[in-house]
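In: Here is a sequence together with a model predicted from it:
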Amino acid sequence: MTGTVSSPITGATVTGLTSPTYTLTADTAPTALGKQYAVTALGGTQTGVLSHSVSSPFTINTVRPAAYKVTPLPNPTTGVLRNNPKNSFSTLTRKGVLPLAGQASELMTIKTIIEIPAGADTADPLSVKAAISAHFGAVWASANNIADLVITGVL
């Protein structure tokens, strides 16, 4: 999440939710390296789903590396890069869910980590964009199947 996220966002198609939307409000990230938004309102039909509260959080947080790594010099003899470091970016969604009716909410987490070899951002930016596009396109297209998987355990 770079810059300001346009709110509301539209959720992916998942059985049981009709035209889901999520209104985001800027929140304080746990670290200065991140940006966080709280889901403060729900749209569409999401019966039984709660927006963010202290006892049942619903947040989306993106974090960048503390210090960016750079590409080291290649081996002077072979010209090969050895142990090229990676820059790691992550997005974490937290949602309070009920483990059992009448019980207190517990935290469910969904985390996406992007580890990009140092230098690829400038040497091959279109391939980086293609990988990100394909990844999130596959997750978007599979949202209902992923939801079914985590509920039924059947892959």
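Out: Looks like it arrived, so ask away. Numbers count the residues shown, from 1 in each chain.
In: helices and strands around the longest helix along the chain, which ones?
Out: Using DSSP state H, we find that the single longest helix of the chain is helix 125-141. Contact analysis of helix 125-141 by 3 or more CB pairs under 8 Å, 6 or more residues apart in numbering; DSSP states H and E lists strand 106-117, helix 120-123 as its packing neighbours. Any C-beta I mention is one placed from the backbone N, CA and C, and that applies to glycine too.
In: That helix vs strand 106-117, what angle?
Out: In terms of direction (axes from the mean of the first three to the mean of the last three CA atoms, to 10 degrees), helix 125-141 departs from strand 106-117 by 160 degrees.
In: residues in contact with the residue nearest the centre of the chain?
Out: Taking CA atoms, centre = their mean, the centroid of the chain lies closest to residue 91, which sits 3.4 Å from it. Neighbouring residues of residue 91 by CB atoms under 8 Å, 6 or more residues apart in numbering: 1, 60-63, 111-112.
In: Next, the angle strand 106-117 makes with the host helix or strand of it.
Out: For residue 91, the host element (DSSP states H and E) is strand 86-97. Counting by the same axes, to 10 degrees, strand 86-97 lies at 170 degrees to strand 106-117.
In: I'd like the numbering to begin with 44 instead of 1 from here.
Out: In the new numbering, first residue 44, that becomes strand 129-140.
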